[in-house]
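A.B. asks: Have a look at this fold, sequence not included:
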């Protein structure tokens, strides 16, 4: 085989591996008990009721809203796309039609990327995508009356980085500022639930390496990315990230979902596509079910309900994220 062709094939393999974080939540046809497979391209979405609604001043601080037909205020699914916080778009929403048919409205958001934050000198860069998730939730809640939403029935969902953002919302204490002159900032940031796919549940490199020895993800969230114009450099500095862990600890404690867990957190649903194997290298360490096993342990010890689903795991009450969110958000009593 010619040398040039070999190099191109190797580069393609590396790119697919590095961008495993650019995953799409499973569709209705995919359930955790099956062996991991590539997600099929999502079907084109129906046009949103409202498109590209700004919730901030940046070009990426926009959202799409699909209103479920109902005479009464509807529950809401808040979708946060994946892509490692460096790419992706709000246009891909799994099971949109099922949510709407069940009477759940849907919002899908874009947000500022970590790469944009690095270029802007923001420290730590991860604050941009996470603060945007907070702001988008508050903005949507501020529109509850106009959009016919039940502000007590909001569940967050997403895959990979979008899952991590969803868990940050679920675990963080309420970030509402009742004294703010901005009415949006006065809105609550608490969720009714979160249901997520292949979530990173911690941003602490020490935890990651203990759970999965070949971990490589997360450094870019704290500025460890040598070239923001070359996304293949995203996961190349984990060793430096781990070495700087003590210095970064205040930021890790501020932005890692794991650090904010408390007994008053909402129920959590976790879906993974591999079988956990703690302490062993993983085929896809960025999305390993080891993240889910350790989070479930802490949530159960804290008293927070958690449903963990993965191939070969216990029988699932809700085999898919859409099943869980419809059941949870449609229950008679929202408390």
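C.D. replies: Ah, there it is. Computed from a predicted model, the values in this text were never measured in an experiment. Residues are numbered from 1 along each chain as shown.
A.B. asks: As a check, name the ranges of all strands in the stretch 51-200 of the chain.
C.D. replies: According to DSSP state E, counting those that start in this stretch, the stretch 51-200 of the chain carries its strands in the segments 62-66, 74-80, 105-109, 149-159, 193-197.
A.B. asks: ah, wrong one, I meant the stretch 201-335 of the chain
C.D. replies: 268-271, 306-309.
A.B. asks: outside of stretch 177-186, which residues touch it?
C.D. replies: Stretch 177-186 is contacted from outside by 55, 135, 138-139, 142, 176, using Cβ atoms under 8 Å, 6 or more residues apart in numbering. Where C-beta positions appear, they are placed from N, C-alpha and C, glycine not excepted.
A.B. asks: Any stretches of this structure with poor pLDDT?
C.D. replies: 1-44, 334-335 (pLDDT under 70).
A.B. asks: switch to 90 and redo it
C.D. replies: Residue ranges of the chain with pLDDT under 90: 1-45, 92, 332-335.
A.B. asks: Pull the contacting residues for residue 281.
C.D. replies: 212-214.
A.B. asks: just to revisit the earlier point, please narrow the contacts of stretch 177-186 to those residing in helices.
C.D. replies: Of those, the ones assigned to helices by DSSP state H are 135, 138-139, 142.
A.B. asks: so can I have TSV of the contacts of stretch 177-186 showing neighbour count?
C.D. replies: Shown next, in TSV, are those (neighbours: other Cβ atoms under 10 Å):
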residue	neighbour count
55	22
135	20
138	21
139	20
142	18
176	17
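A.B. asks: circling back to that earlier point, now tabulate the strands of the stretch 201-335 of the chain in a markdown table and tack on mean neighbour count and distance to residue 90.
C.D. replies: A markdown table is the format used below for those (neighbours: other Cβ atoms under 10 Å; distance: least, Cβ to Cβ, whole Å):
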| stretch | mean neighbour count | distance to residue 90 |
| --- | --- | --- |
| strand 268-271 | 28 | 20 |
| strand 306-309 | 20 | 25 |
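A.B. asks: Redo those strands as CSV? Include distance to residue 116.
C.D. replies: Formatted as CSV, the strands of the stretch 201-335 of the chain follow (distance: least, Cβ to Cβ, whole Å):
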stretch, distance to residue 116
strand 268-271, 29
strand 306-309, 33
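A.B. asks: can you pull out the helices in the chain?
C.D. replies: Under DSSP H, the chain gives helices at 3-18, 96-101, 114-119, 127-142, 144-147, 161-171, 205-211, 238-243, 245-255, 290-302, 321-329.
A.B. asks: Once you drop chain neighbours, what's closest to residue 95?
C.D. replies: residue 322 (4.0 Å; Cβ to Cβ, 6 or more residues apart in numbering).
A.B. asks: for that neighbour, what are its contacts?
C.D. replies: With Cβ under 8 Å, 6+ apart, residue 322 has these contacts: 28, 94-95, 98-99.
A.B. asks: Would you mind listing which of these are buried?
C.D. replies: Among the contacts of residue 322, the ones that count as buried by 16 or more other Cβ atoms under 10 Å are 94-95, 98-99.
A.B. asks: Out of those residues, flag the one nearest to residue 86.
C.D. replies: residue 94 (20.6 Å; Cβ to Cβ).
A.B. asks: where does that closest one sit relative to residue 161, distance-wise?
C.D. replies: With distances taken as Cβ to Cβ, to the nearest Å, residue 94 is found 16 Å from residue 161.
A.B. asks: Please tell me I have it right and residue 276 contacts residue 297.
C.D. replies: No: using Cβ atoms under 8 Å, residue 276 makes no contact with residue 297, being 11.0 Å away.
A.B. asks: who has more neighbours, those two?
C.D. replies: residue 276 (22 against 12; other Cβ atoms under 10 Å).
A.B. asks: Quick one: residues contacting the nearest residue to the more buried one once chain neighbours are set aside.
C.D. replies: Once flanking residues are discounted, residue 276 sits nearest to residue 289: 4.0 Å by Cβ to Cβ, 6+ apart. Applying Cβ under 8 Å, 6+ apart to residue 289 gives the contacts 272-276, 308, 310.
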